[in-house]
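Undergrad: I would like to see how this sequence folds:
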Amino acid sequence: MTRRVLVTGGAGTIGAAVVRRLLRDPTWEVRVSDQRQAPQWMREGCEVHTGDLRVHEQAREATDGCTHVIHLAAIVGGIANFHKLPHTLTAVNSALYDAVIQAALDCEVERFTYVSSSMVFERATEYPTTEEHVWDVAMPRSAYGFSKLAGEVWCRAAHAEHGLPYTICRPFNAYGPGEMPEGEPGIAHAVPDLIRKALSGQHPLQIFGSGEQTRTLTHIDDIADGVVTATSSEAGLLEDFNISASDELTVAQIAQIVWEVCGRDPDAFELEHLPTFPVDVVRRWPSVEKARTVLGWEAKIGVRDGIAQTADWLRGVLAASS
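TA: Numbers count the residues shown, from 1 in each chain. As a prediction, this is how the structure comes out:
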């Protein structure tokens, strides 16, 4: 049976990976809604809706006729973005939840998958961090973490009052081809920032903070597969999942991997430590047992291979634009 899924924010980095994953399965028809220009391959393979999903009428138009929604549209970015645009991202993300979830209720979709964030666990005290810890962890200090947690509350509230059939997916430390680094460090995520610096010849390599902070890098193709698997699974209904790899690495270790896959001399590796931001998560290491046991899903792409792939992509983009 063919299912039609709306992917909001489908022209973004994770959104495009989700769309590619859906298009590999002939049981899905895909509609993308985004304010950005969809790439040619997406326009050829999908129905494309262009509009502002904060507007209820446009959200309803985008959702009409769809059996499923995967909601990715949001203001995201790296750590500097969280501190630079706290009111904007809170206002925009909340308006999107309001309109898109209402549209999903109006159109009686079979499943609403909300793509949340590991930042809901910004102040985690349990490692590896299980999904159940969301009920005990202190409220995020960052506006971004709070806004993503608010989306989870919106889903559960819409289910409690109106029966919204939801699934919550929390990606951890997404990286991969597609996200361009920004001129201002910290606006994009760490991996593209570090790759750009390494390819430019920067020495020593600049990072924020001590480098002892840990992250669990998860390739966007793994995240996309996890999100689609959760959306398709009957067992995923009314559940939340950490969608993540399992290897905890320090930022310094990640920087060294980037340095080496970019072809820099391993013996010359050196870091310069820049002052960090008021909210810089010290440790991020999720439990992935629930996704493995309930969904039968786990990440497959190793960090070194994934970063090498990302570096090759960015090297090609930079060469084409020079």
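Undergrad: in the stretch 151-300 of the chain, what spans have low per-residue confidence?
TA: 182-188, 279 (pLDDT under 70).
Undergrad: the helices in it, which residues?
TA: With helices called from DSSP state H, counting those that start in this stretch, the stretch 151-300 of the chain shows them at 190-199, 220-232, 251-261, 289-290.
Undergrad: would JSON lines of the ones you listed with mean neighbour count and distance to residue 148 be doable?
TA: For the C-beta atoms, the positions are set from N, CA and C on the backbone; glycine is no exception. Below are those laid out as JSON lines (neighbours: other CB atoms under 10 Å; distance: least, CB to CB, whole Å):
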{"stretch": "helix 190-199", "mean neighbour count": "23", "distance to residue 148": "18"}
{"stretch": "helix 220-232", "mean neighbour count": "24", "distance to residue 148": "15"}
{"stretch": "helix 251-261", "mean neighbour count": "21", "distance to residue 148": "21"}
{"stretch": "helix 289-290", "mean neighbour count": "16", "distance to residue 148": "18"}
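Undergrad: closest one to residue 112 among those?
TA: Closest approach to residue 112 among the helices of the stretch 151-300 of the chain is made by helix 220-232 (9.2 Å; CB to CB).
Undergrad: Which residue ranges of this structure form strands?
TA: 3-8, 28-33, 47-49, 68-71, 111-115, 166-171, 174-175, 205-208, 214-215, 218-219, 240-243, 249-250, 271-274 (DSSP state E).
Undergrad: Now do the contacts for the nearest residue to residue 284 once chain neighbours are set aside.
TA: Excluding its sequence neighbours, the residue lying closest to residue 284 (CB to CB, 6 or more residues apart in numbering) is residue 215, at 5.2 Å. By CB atoms under 8 Å, 6 or more residues apart in numbering, the contact set of residue 215 is 172, 173, 190, 248, 249, 250, 251, 254, 284.
Undergrad: one step back: I'd like the strands of the chain laid out as CSV, including distance to residue 295.
TA: Formatted as CSV, the strands of the chain follow (distance: least, CB to CB, whole Å):
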stretch, distance to residue 295
strand 3-8, 17
strand 28-33, 17
strand 47-49, 27
strand 68-71, 15
strand 111-115, 12
strand 166-171, 10
strand 174-175, 18
strand 205-208, 34
strand 214-215, 23
strand 218-219, 15
strand 240-243, 7
strand 249-250, 24
strand 271-274, 38
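Undergrad: Nearest to residue 40, out of these?
TA: strand 47-49 (10.9 Å).
Undergrad: and residue 205, what does it touch?
TA: 194, 197, 198, 255, 258, 259, 269, 270, 271, 272.
Undergrad: how about TSV for those residues, with distance to residue 98 added?
TA: Below are the contacts of residue 205 laid out as TSV (distance: CB to CB, whole Å):
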residue	distance to residue 98
194	36
197	39
198	41
255	39
258	39
259	44
269	47
270	48
271	43
272	43
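Undergrad: So residue 53 is in contact with residue 102, correct?
TA: No: at 10.8 Å, residue 53 and residue 102 do not qualify as touching, with contact defined as CB atoms under 8 Å.
Undergrad: what touches both of those two?
TA: In contact with both residue 53 and residue 102: residue 59, using CB under 8 Å, 6+ apart.
Undergrad: In terms of neighbours, single out the busier of those two.
TA: Neighbours per residue (other CB atoms under 10 Å) separate residue 53 from residue 102, with residue 53 holding more: 26 against 18.
Undergrad: May I have the residues that are in contact with that one?
TA: So residue 53 contacts 8, 33, 59, 62, 73, 96, 99, 100 (CB under 8 Å, 6+ apart).
Undergrad: I figured the first one was touching residue 33, is that so?
TA: Yes: the pair residue 8 and residue 33 passes the contact test of CB under 8 Å, sitting 5.1 Å apart.
Undergrad: Right, I'll call it a day here.
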